[in-house]
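> Attaching a predicted model along with its sequence, questions to come.
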Amino acid sequence: MPAVSVIMPAFDAERYLPAAIDSVLRQTYADLELLIVDDGSSDETAQIGRWYAARDPRVRVLQQPNAGPGPARNTGFRAAQGRYLAFLDSDDEWDDTFLAEHVAILDARPDVDVVIGNARNRGGARDGQPSRPVRGEGMPITLAEILADETCLFIMAVFRREVVDAVGGFDPDLLTNEEYEMWIRAALAGFTFTRHTKPLGWYSCRAGSLSSSDRLMLTGILRVYAKTRPMLPSGAVGSPERAILDRQVVRFEAEVARIERKQRLIAVAPLVGHLLLKLRRTLRHLRERSEQVKVVPERCGARASGGVGPHSIEK
């Protein structure tokens with residue numbers, strides 16, 4: 001049995017997949033299996049995975065109809081054999097010591113169930129910078145912090161399989177923020193979190209990825225909060241976690257409204273531009289007509305002074 005099962009969902013990932021796979025197979029901690037879950041790809045994703053599987057027995061390829069990243073990871077969970085589980089997306093990469101450092105924390109700290117990692121951004125405005133703040137090494141991440149700061153978690157994590165056995169994996173109805181929702185359920189179930197803040201990989205920030213759409217991610221978080229609120233404790237003195245969640249809902253609803261206003265302005269911009277162009281042409285036409293009207297009396301006056309009038313009759 002491998003010690004670590006690495007779960008890699010992949011959808012039409014042929015461009016990025018080899019680099020992601022290579023980064024797993026280069027790990028200095030080699031007691032692992034890599035489960036590539038082809039989520040109904042239409043490109044060469046499955047063929048690339050099978051090519052690696054034919055050359056390294058640690059690699060397995062699982063296939064399913066397209067259902068999204070959450071269900072794909074659930075497929076990986078069901079096939080996993082390791083006592084530890086780890087996520088790596090098909091367009092991300094690990095440094096060679098990623099698993100060794102995270103597994104060492106779990107081995108040394110039985111009080112910790114989930115180790116949240118860190119990486120460097122690849123692409124986007126923060127290219128090359130840490131994906132998450134480099135602070136709080138080894139400190140606990142509480143449910144209150146998870147609710148108050150959605151960035152305190154990260155997709156690159158290594159955790160005990162008991163977490164998934166207890167909470168049942170990802171909610172298949174969530175297209176975005178599915179890992180955030182699962183970690184909230186894990187915290188509610190009493191599992192403990194810490195962070196390893198050293199960036200040990202590359203996290204892709206691509207324009208076409210799900211996580212690149214601000215509105216999509218914000219509405220996803222609001223769905224997670226709506227599902228989470230009834231699970232939070234309540235009482236006569238109130239729940240600090242509920243108060244935090246309610247503040248977050250107000251914050252994100254305002255942000256969604258701002259984005260929607262901006263999108264509406266962008267949508268009407270071509271029409272406004274067309275109307276301004278027509279107005280500019282109309283004003284130019286009116287100016288030209290006005291100038292013509294000013295010139296006409298001058299010509300009439302000149303014609304009258306040289307024509308037949310009362311004085312010429314007298315002569």
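Thanks, I have it.
> Dihedrals phi and psi, residue 174?
phi -100, psi 120 (degrees, to the nearest 10).
> Isn't it up against residue 222?
No - with contact defined as CB atoms under 8 Å, residue 174 does not reach residue 222; the gap is 11.6 Å. Bear in mind the C-beta positions are built from the backbone N, C-alpha and C, glycine included.
> Show me which of those two is the more surrounded one.
Set residue 174 next to residue 222 and count neighbours by other CB atoms under 10 Å: residue 174 wins out with 20 against 17.
> Surely residue 15 forms part of a strand?
No - looking at residue 15 with DSSP: H, G, I helix; E, B strand; the rest coil, it is coil, so not inside a strand.
> how much space between it and residue 213?
20 Å (CB to CB, to the nearest Å).
> The stretch 151-300 of the chain: helices as residue ranges?
161-167, 178-188, 214-228, 240-305 (DSSP state H, counting those that start in this stretch).
> possible to save those as JSON lines with mean pLDDT and distance to residue 148?
Formatted as JSON lines, the helices of the stretch 151-300 of the chain follow (pLDDT from 0 to 100; distance: least, CB to CB, whole Å):
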{"stretch": "helix 161-167", "mean pLDDT": "97", "distance to residue 148": "21"}
{"stretch": "helix 178-188", "mean pLDDT": "96", "distance to residue 148": "12"}
{"stretch": "helix 214-228", "mean pLDDT": "91", "distance to residue 148": "12"}
{"stretch": "helix 240-305", "mean pLDDT": "78", "distance to residue 148": "5"}
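> Out of these, which is closest to residue 194?
With CB to CB, the closest approach to residue 194 among these belongs to helix 178-188: 12.2 Å.
> by contact count, what packs against the closest one?
For helix 178-188, the packing partners by 3 or more CB pairs under 8 Å, 6 or more residues apart in numbering; DSSP states H and E come out as helix 69-79, helix 143-148, helix 161-167, strand 193-204, helix 214-228.
> residues in contact with residue 84?
3-5, 103, 106, 158-161 (CB atoms under 8 Å, 6 or more residues apart in numbering).
> picking that back up, residue 15 and residue 213: which has the busier surroundings?
residue 213 (15 against 12).
> what's the spacing between the more buried one and residue 219?
To residue 219, residue 213 is 9 Å away according to CB to CB.
> now residue 149
Residue 149 sits 19 Å away from residue 219, taking CB to CB as the criterion.
> Just want to know which of the two has more residues nearby.
Counted by other CB under 10 Å, residue 149 and residue 219 do not tie: residue 219 has more neighbours, with 17 against 13.
> Identify the spatial nearest neighbour of that one, chain neighbours not counted.
residue 256 (6.1 Å; CB to CB, 6 or more residues apart in numbering).
> separation between residue 263 and residue 256?
10 Å.
> count of neighbours near residue 137?
Residue 137 has 12 neighbours, counted by other CB under 10 Å.
> re the thing from before, ranking the contacts of residue 84 by neighbours, who comes first?
Counting neighbours by other CB under 10 Å, residue 4 leads the contacts of residue 84 with 25 neighbours.
> does that residue really touch residue 82, like I thought?
Yes - shown here, residue 4 and residue 82 form a contact pair, counting by CB under 8 Å, at 4.7 Å.
> Overlap in contacts, those two.
Common neighbours of residue 4 and residue 82 (CB under 8 Å, 6+ apart) are 32-33.
> so how far is residue 180 from the residue lying closest to residue 214 once chain neighbours are set aside?
Closest residue to residue 214 apart from its sequence neighbours, by CB to CB, 6+ apart: residue 259 at 6.0 Å. Relative to residue 180, residue 259 is positioned 19 Å away (CB to CB).
> Between those two, which has more neighbouring residues?
residue 180 (20 against 15).
> now that one: how far from residue 152?
10 Å.
> re the thing from before, wait, isn't the residue nearest to residue 219 in contact with residue 223?
No - applying CB under 8 Å as the test, residue 256 and residue 223 come out as separate, 11.5 Å apart.
> Of all the helices of the stretch 151-300 of the chain, which one is nearest residue 57?
helix 161-167 (21.0 Å).
> What are the buried residues along the closest one?
Neighbour counts over helix 161-167 (16 or more other CB atoms under 10 Å) mark 161, 163-164, 167 as buried.
> contact partners of that helix?
5, 77, 80, 82-85, 113-114, 182, 185-186, 189, 191.
> just stretch 249-269 next, same as before
By CB under 8 Å, 6+ apart, stretch 249-269 touches 214-215, 218-219, 221-222, 225.
> re earlier: which ones among the contacts of residue 84 lie within strands?
Mapping the contacts of residue 84 onto strands (DSSP state E) picks out 4-5, 158-160.
> Quick check: the closest residue to residue 128 other than its chain neighbours vs residue 6, distance?
Nearest non-adjacent residue to residue 128, counting by CB to CB, 6+ apart: residue 120, 5.8 Å away. According to CB to CB, residue 120 stands 19 Å off from residue 6.
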